[in-house]
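[1] based on what follows, work out the 3D shape:
(2 chains)
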Amino acid sequence: MAADSKGTANPHPRPLSPHLQVYRLPMLAILSITHRATGVGLAVGTLMLVCWLVAAANGEAAFNSVNGFLGSAIGRLLLFGWSVALFFHLANGIRHLFWDAVMGFEIRSAENSGWAVIAFTAVATLLAWSIGLAVAGGN
Amino acid sequence: MAAPDKSLRSSLGRVRGLGSAKDGTMHWWAQRTTAIALVPLTVWFVVSVIAHAGAPLAEVKAWIGSPVPAVLMLALVVAMFQHARLGVQVVIEDYVHCEAVKIAALLAVNGAALLFGGFAVFSILKLAFGG
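    Have a look, this model is predicted:
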């Protein structure tokens, strides 16, 4: 451990970075890193959107095969993941914009808005998929 | 006259306020402006995709091919790739510490964003004008 010049233990220990393997991250920290993770995931997801647009521009055969992939189990799983990430990143991004305007910085209100983001993500995902599947079933 | 300070920065450098990266707060600001643009665009995109879930190509062409959706789609793609590029750049700068790998990754991400953005823009225009 660190000792001062007299050789005694430091009476004012400096705060250390959390040791990530033993430290339980607070909810705010989890949301923060999730914002990054969903952002990177969505950046990868943009490639799927480009695939779909290019296929649509290429014609019937390409469009149907990309749509076939998106309708498969793995395609649906990917779409589900991207939709969760999109709703989370959208809501949490708005939260970040409010922080940029120096609003809602108190720990209490940051936690409240954090729970609101989680609730929005769940409700929006559920709503989007129930309506989307109903529309797709009609097509 | 302000009191002379001990900084080694020149007066010109300080008044320009651009820092060592030479673009000041531009990266931060561009990340925010694209974020603000993407809020309504994303809502529009999600609602539209749900409305056309599982639609055949003819319907998709009619949708993306009409003026308002075509322009909104173009705006979405441009803002999205710019926002993604800026965001992933920060992640790389934070976590990749080997200079050579970092520069290679930044070049790859920026190049990919430009290229895939180009694919997307061309495809939207072809859907709109390709007949």
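
[2] shaky segments in chain A?
    For chain A, the stretches with pLDDT under 70 are A:1-10.

[3] give me the phi and psi for residue 99.
    All of this refers to chain A. phi -60, psi -40 (degrees, to the nearest 10).

[4] measure it to chain B for me?
    Using Cβ to the nearest Cβ, to the nearest Å, A:W99 is found at 11 Å from chain B. For every residue, glycine as well, the C-beta is placed using N, CA and C.

[5] for the spatially closest residue to that residue that is not a sequence neighbour, which three-state class applies?
    Closest residue to A:W99 in three dimensions, ignoring its sequence neighbours and counting by Cβ to Cβ, 6 or more residues apart in numbering or on different chains: A:F105, at 6.2 Å. Secondary structure, DSSP: H, G, I helix; E, B strand; the rest coil: A:F105 is coil.

[6] number of residues surrounding A:L90?
    Look at A:L90: counted by other Cβ atoms under 10 Å in any protein chain shown, it has 22 neighbours.

[7] can you count the residues close to the residue lying closest to it once chain neighbours are set aside?
    Spatial nearest neighbour of A:L90, excluding adjacent residues (Cβ to Cβ, 6+ apart): B:T42 at 5.5 Å. B:T42 has 20 neighbouring residues, counting by other Cβ under 10 Å.

[8] same check, this time on B:L115
    12.

[9] what helix or strand is it on?
    If you go by DSSP states H and E, B:L115 is part of helix B:99-129.

[10] and that helix, what does it pack against?
    Helix B:99-129 sits against helix A:27-58, helix B:57-65, helix B:67-95, with contacts defined as 3 or more Cβ pairs under 8 Å, 6 or more residues apart in numbering or on different chains; DSSP states H and E.

[11] who are the packing partners of the longest one?
    Where contact means 3+ Cβ pairs under 8 Å, 6+ apart, helix A:27-58 is packed against helix A:60-71, helix A:73-100, helix A:107-138, helix B:57-65, helix B:67-95, helix B:99-129.

[12] okay, those helices in a markdown table with distance to A:H19 next?
    Putting the helices and strands packed on helix A:27-58 into a markdown table (distance: least, Cβ to Cβ, whole Å) gives the following:
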| stretch | distance to A:H19 |
| --- | --- |
| helix A:60-71 | 42 |
| helix A:73-100 | 26 |
| helix A:107-138 | 22 |
| helix B:57-65 | 50 |
| helix B:67-95 | 18 |
| helix B:99-129 | 26 |
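
[13] which residues does B:V90 contact?
    B:27, B:31 (Cβ atoms under 8 Å, 6 or more residues apart in numbering or on different chains).

[14] how many neighbouring residues does residue 30 have?
    Let's take chain A. That count, for A:I30 with other Cβ under 10 Å as the rule, works out to 13.

[15] I was thinking of chain B, sorry if that wasn't clear
    15.

[16] so it, which of the three states?
    Per three-state DSSP, B:A30 ends up helix.

[17] that one contacts B:Q82, correct?
    Yes - taking Cβ atoms under 8 Å as the definition, B:A30 is a contact partner of B:Q82 at 6.8 Å.

[18] wait, which of the helices and strands packed on helix A:27-58 is closest to A:L25?
    helix A:107-138 (12.5 Å; Cβ to Cβ).

[19] that closest one and chain B, are they touching?
    Yes - for helix A:107-138, a contact with chain B is found by Cβ under 8 Å from any Cβ of the partner chain, at A:128, A:131-133, A:135-137.

[20] which strands or helices does that helix pack on?
    Using 3+ Cβ pairs under 8 Å, 6+ apart, the elements in contact with helix A:107-138 are helix A:27-58, helix A:73-100, helix B:26-51.

[21] between the helices and strands packed on helix A:27-58, which gets nearest to A:M48?
    Checking these against A:M48 by Cβ to Cβ gives helix A:73-100 as the closest, at 7.1 Å.

[22] quick one: contacts for the most centrally placed residue in chain B?
    The C-alpha lying nearest the average C-alpha coordinate of chain B belongs to B:Q82 (Cα atoms, centre = their mean; 0.8 Å). Counting by Cβ under 8 Å, 6+ apart, B:Q82 touches B:30, B:34, B:113.
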